[in-house]
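Colleague: Provided below are the primary sequence and the corresponding predicted coordinates.
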Amino acid sequence: MTKRIKLNAVTVNGPTVSPGLWAHPDDRSREYRDLQYWTDIARTLEAARFDSLFFADMLGLYDVYRASPAPALEQAIQVPINDPTYLIPALAHVTENLGFAVTISTTYEQPYPVARRLSTLDQLTGGRVGWNIVTSNLPSAARLYGHAEEIPASDRYDRAEEFLDVAYKLWETSWEDDAEIVDKAGKRYVDIDKVHDIGHVGTHFSVYGTHTVQPTPQRTPFLFQAGSSERGRQFAATHAEAVFLNTPTAGATKTIIDDIRRRAEDAGRDPASVLFFPKITPITGENDEAASARFSDFLSYSNKEGIFTLLGAWTGLDFSTSDDSRKIAFLERADQRGLVESLRRKQPGARLDVDELANVFAFGTSWLSIGGPEKLADAIEEYIEETGADGFNVASVVQPSTVAEFARHVVPELQRRGRVQTEYQPGTYRQKISGGDARVRADHPAAAVALQAGVSR
């Protein structure tokens with residue numbers, strides 16, 4: 001049976017998706033403050049049978065490049081950026097099947113309000129919510145949350161592990177399925193014997209009391225994770241039902257997928273149950289020539305200051321001052337081996353060509369694919385077969401045109417080949433995107449928490 005390729009659109013609740021492209025005539029991203037803009041995007045995605053709209057998010061300002069937030073502000077690099085959770089009820093109201101994945105950090109928030117927020121969204125959407133679990137690593141975010149410095153990476157993941165433990169207890173153990181009885185004659189809304197205090201006492205959190213939201217269609221929302229570090233991979237192998245990857249090549253993607261699936265199996269989970277969504281930035285048109293012209297047009301709007309602002313935040317390197325050896329080391333880690341070899345073939349002592357570097361990362365570090373419908377469909381199928389990925393998070397260069405053009409030109413070709421869905425499956429987000437039940441699988445840690453608490457599933 002041919003493997004179905006799943007499609008999410010990835011965006012932010014702000015004006016920038018690619019550095020400098022907010023100035024392109026086709027870009028409407030500055031309309032992010034207008035609800036109609038978002039409802040139009042949601043309707044477009046559902047018409048093309050996308051699985052979900054995935055919201056990335058950022059809690060601080062990028063201030064590594066030139067040791068200042070000024071370049072980020074001037075070029076609108078992830079700022080301004082609004083909280084995406086408030087969009088979801090409105091977008092669910094104008095769609096019937098589209099899922100919504102929202103990024104929420106475990107680093108500076110508390111488990112109960114996050115669990116309450118996601119439970120509320122799961123109820124209002126009829127079970128169409130996913131949570132992209134992240135830890136926050138920007139010093140600027142730490143300062144905004146009242147910390148003198150950022151929390152070390154190991155501590156962030158220790159906190160995240162316990163954060164999930166508390167959330168699972170709230171979602172899976174606090175209310176039994178039939179606790180809400182609404183007995184008007186007996187004047188009892190809830191059977192109090194079926195609502196339980198989670199009584200959590202741990203290293204980072206002490207949480208007493210019951211969840212204040214009754215069980216939702218999924219209880220635990222569908223869980224994404226986006227970390228690719230050593231600790232991030234282990235966290236994903238333990239908790240993630242789907243993993244968002246920002247990798248530039250099929251080789252880099254396959255390495256991470258194979259590693260996390262091996263770790264998931266070691267953790268007692270079915271490795272095939274963990275889905276992988278590498279990020280793709282597609283530039284397309286009616287044919288290859290139109291796509292190539294579109295790419296050249298986009299590149300003319302790309303902004304080097306914005307690119308180096310992003311790269312600085314991702315790597316911790318100030319590209320205005322760091323020496324070439326450190327920049328080349330970054331390129332090697334980013335799997336840009338071809339560029340590294342071309343740099344090394346230059347005469348000794350030659351400076352790193354910043355224009356070349358900016359062009360390579362003009363549209364981020366994800367897989368950039370350029371071509372007409374057939375060329376892109378061929379490339380997508382080959383990528384899936386080579387890596388074992390399950391689908392893609394489709395990114396924009398200009399918004400909403402990039403994803404709309406992909407939906408108009410490439411999705412029908414993939415549907416013709418039987419690779420992407422033409423109709424939605426019934427059920428919750430979890431059921432639609434991964435099959436099975438509305439609730440987490442029996443081999444997931446959330447199910448283990450419920451079993452330990454003696455709650456039937």
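Modeller: Yep, that arrived.
Colleague: check the gap between residue 272 and residue 241 for me.
Modeller: Per C-beta to C-beta, to the nearest Å, residue 272 is found 12 Å from residue 241. C-beta: built from backbone N, CA, C; applies to glycine.
Colleague: out of those two, which sits in the busier spot?
Modeller: Taking other C-beta atoms under 10 Å, residue 272 and residue 241 do not tie; residue 241 has more neighbours (25 against 11).
Colleague: what's around the residue nearest to residue 373 when sequence neighbours are not counted, how many residues?
Modeller: Nearest residue to residue 373 in three dimensions, chain neighbours excluded: residue 413, at 4.2 Å (C-beta to C-beta, 6 or more residues apart in numbering). Residue 413 has 19 neighbours, counted by other C-beta under 10 Å.
Colleague: also residue 388?
Modeller: Neighbours of residue 388 under the rule other C-beta under 10 Å: 15.
Colleague: check which helix or strand the closest residue in space to it that isn't next to it in sequence maps to.
Modeller: Excluding the flanking residues, the one nearest residue 388 by C-beta to C-beta, 6+ apart is residue 257, at 5.2 Å. Per DSSP states H and E: residue 257 is located in helix 250-266.
Colleague: tell me what that helix is packed against?
Modeller: helix 230-239, strand 242-245, strand 275-283, helix 373-387 (3 or more C-beta pairs under 8 Å, 6 or more residues apart in numbering; DSSP states H and E).
Colleague: switch to 6 Å and redo it
Modeller: helix 230-239, helix 373-387 (3 or more C-beta pairs under 6 Å, 6 or more residues apart in numbering; DSSP states H and E).
Colleague: would you mark the buried spots in the first one?
Modeller: The reference is to helix 230-239. Buried residues in helix 230-239, counted by 16 or more other C-beta atoms under 10 Å: 231, 232, 233, 234, 235, 236, 237, 238, 239.
Colleague: circling back to that earlier point, may I see the buried residues of the helix holding residue 257?
Modeller: Of all the residues in helix 250-266, those buried under the rule 16+ other C-beta under 10 Å are 250, 252, 253, 254, 256, 257, 259, 260, 261, 263, 264.
Colleague: tell me the pLDDT at the closest residue to residue 96 other than its chain neighbours?
Modeller: Spatial nearest neighbour of residue 96, chain neighbours left out: residue 46 (7.2 Å); criterion: C-beta to C-beta, 6+ apart. Looking at residue 46, its pLDDT is 98.
Colleague: is it true that residue 46 touches residue 92?
Modeller: No - Residue 46 lies out of contact with residue 92 (C-beta atoms under 6 Å); the separation is 10.6 Å.
Colleague: residue farthest from the centroid of this protein?
Modeller: For the chain, the largest distance from the centre (C-alpha atoms, centre = their mean) belongs to residue 185, which lies 47.3 Å off.
Colleague: now name the helix or strand holding that one.
Modeller: Using DSSP H and E, no helix or strand contains residue 185.
Colleague: got a list of what it touches?
Modeller: Contact analysis of residue 185 by C-beta atoms under 6 Å, 6 or more residues apart in numbering lists nothing.
Colleague: how close does it get to residue 200?
Modeller: As judged by C-beta to C-beta, residue 185 and residue 200 stand 36 Å apart.
Colleague: likewise residue 117?
Modeller: Taking C-beta to C-beta as the measure, residue 117 and residue 200 are separated by 18 Å.
Colleague: do the same with residue 421
Modeller: 40 Å.
Colleague: now the buried residues of helix 250-266 as CSV including pLDDT?
Modeller: Listed next are the buried residues of helix 250-266 as CSV, based on pLDDT from 0 to 100:
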residue, pLDDT
250, 92
252, 86
253, 92
254, 95
256, 93
257, 97
259, 96
260, 97
261, 97
263, 97
264, 97
